[in-house]
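Undergrad: Provide a 3D model corresponding to the input given below.
(one chain, ligands or ions: 1)
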Amino acid sequence: MASDNDPGGAGTSERAAVDAPAAASRSLSADEGIARLAELIADAEHLVVFTGAGISTESGIPDFRSPGGIWNRYKPIDYQTFMSSEEGKREYWRRGRNTYAVIREARPNPAHLALAELERLGKLDLLITQNIDGLHTATGSSPERTVELHGTAHRVFCMNCGATMTRDEISARLDAGEAIPACRVCGGTLRAATVAFGEPLPREPWQRAATAAAGSDLFLIIGSSLVVNPAAQLPRIAANAGAYIVILNQTPTPLDDLAQLLLRGSAGAVMARVMSEVRRRL
Ligand SMILES: [Zn+2]
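TA: Residues are numbered from 1 along each chain as shown. Okay, here's the model as predicted:
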């Protein structure tokens, strides 16, 4: 297990400017790293991309796991608390209102655009995301080739009758003063279509993700610190199946040793440059 202060690590490398990926590993310069990723994408037959919170920070959504971040105030209620009390439900919707206000204002950035373009170019088997912000499908990635492992903040459903509604509709009811909105069909308990803390991932999306990872020849991770299980197991599944692993992230991850190519930097800036290389190569 890597530690934050690993004395054996390559701690002498120069720190990169935010928008210039460092020569993070494998002795490539930043430019060479970008060219290499473009080459890998152009040559890949089964590209699978896995995205996390880091791809959406440039879109205005802070990573709630970063310490001291605003998400400490917006931290979601865990599943047990939500289910076990009225107070838990009240707090769930109160915090959810804050969170959704941030998500609703977010706009896709060049990294989201790049992944939608890769799908249009026929270069993408599957896009797997840990994010609930809906920015991938808002950018044009199709629901058929996008797996939202943790669900979406844009939909609400009734736990009793299964009726679904938009989050905007529920937002309006919260704004109008409802503290715990109930299903208008059956009076049942409503909740967002997201996976709560302490709740297992739904089986079907996970199976799709794991199957695609196992069938990939290039597995590209963008903006995930790879610490949330079981999602963080996907790169191992891909690596075990022989896929080439690329990690693009601002900071080191526990799975960096698994990657043949590491890129450090802003997801949007790096992927914009990667895409202009990819277009030249296709
Ligand atoms: Zn209902």
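
Undergrad: contact residues of the stretch 101-250 of the chain facing the ion?
TA: Applying Cβ under 5 Å from the ion, one finds that the stretch 101-250 of the chain approaches the ion through 158, 160, 161, 163, 183, 185, 186, 188. Backbone N, C-alpha and C define where each C-beta goes, glycine included.

Undergrad: burial measure for the spatially closest residue to residue 183 that is not a sequence neighbour, as a count.
TA: Excluding its sequence neighbours, the residue lying closest to residue 183 (Cβ to Cβ, 6 or more residues apart in numbering) is residue 158, at 3.8 Å. Close neighbours of residue 158, defined as other Cβ atoms under 10 Å, add up to 19.

Undergrad: in the sheet, who's paired with residue 158?
TA: Beta-bridge partners for residue 158, by DSSP bridges, are residue 190.

Undergrad: quick one: contacts for it?
TA: 164, 183, 185, 186, 188, 189, 190 (Cβ atoms under 8 Å, 6 or more residues apart in numbering).

Undergrad: and the residues you listed as CSV, adding pLDDT and secondary structure?
TA: Formatted as CSV, the contacts of residue 158 follow (pLDDT from 0 to 100; DSSP: H, G, I helix; E, B strand; the rest coil):
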residue, pLDDT, secondary structure
164, 98, strand
183, 98, coil
185, 97, coil
186, 98, coil
188, 97, coil
189, 97, strand
190, 97, strand
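
Undergrad: identify the farthest-apart pair in those.
TA: Largest separation among the contacts of residue 158 by Cβ to Cβ: 164 and 189, giving 13.7 Å.

Undergrad: how about the helices in the protein?
TA: All helices of the chain, identified by DSSP state H, fall at 30-43, 71-74, 79-84, 86-105, 110-120, 135-139, 167-175, 203-214, 234-240, 267-281.

Undergrad: now those as CSV including mean neighbour count?
TA: Formatted as CSV, the helices of the chain follow (neighbours: other Cβ atoms under 10 Å):
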stretch, mean neighbour count
helix 30-43, 18
helix 71-74, 15
helix 79-84, 16
helix 86-105, 16
helix 110-120, 23
helix 135-139, 22
helix 167-175, 15
helix 203-214, 17
helix 234-240, 20
helix 267-281, 19
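
Undergrad: nearest to residue 50, out of the ones you listed?
TA: Closest approach to residue 50 among those (Cβ to Cβ): helix 234-240, 5.7 Å.

Undergrad: contacting residues around that closest one?
TA: 48, 50, 128, 209-210, 213-214, 216, 219, 221, 226, 245, 247, 255, 258-259.

Undergrad: at 6 Å instead, please
TA: 50, 210, 213, 214, 216, 219, 245, 255, 258 (Cβ atoms under 6 Å, 6 or more residues apart in numbering).

Undergrad: for stretch 79-89, same thing?
TA: 77, 92, 180, 196, 198, 199.

Undergrad: now stretch 206-224
TA: Applying Cβ under 6 Å, 6+ apart, the contact partners of stretch 206-224 are 40, 44-52, 54-55, 125-126, 128, 147, 234, 237-238, 241, 243-248, 267.

Undergrad: now list the buried members of the residues you listed.
TA: Neighbour counting over the contacts of stretch 206-224 (16 or more other Cβ atoms under 10 Å) leaves 40, 44, 46-52, 54-55, 125-126, 128, 147, 234, 237-238, 243-248, 267 as the buried ones.

Undergrad: what is the least confident helix or strand in this structure?
TA: helix 71-74 (a mean of 60; mean pLDDT, DSSP states H and E).

Undergrad: so who does residue 52 touch?
TA: Residue 52 makes contact with 130, 223, 224, according to Cβ under 6 Å, 6+ apart.

Undergrad: how many residues are close by the last one?
TA: A count of nearby residues for residue 224, using other Cβ under 10 Å, gives 27.

Undergrad: next: the first one.
TA: Other residues within reach of residue 130, judged by other Cβ under 10 Å, total 24.
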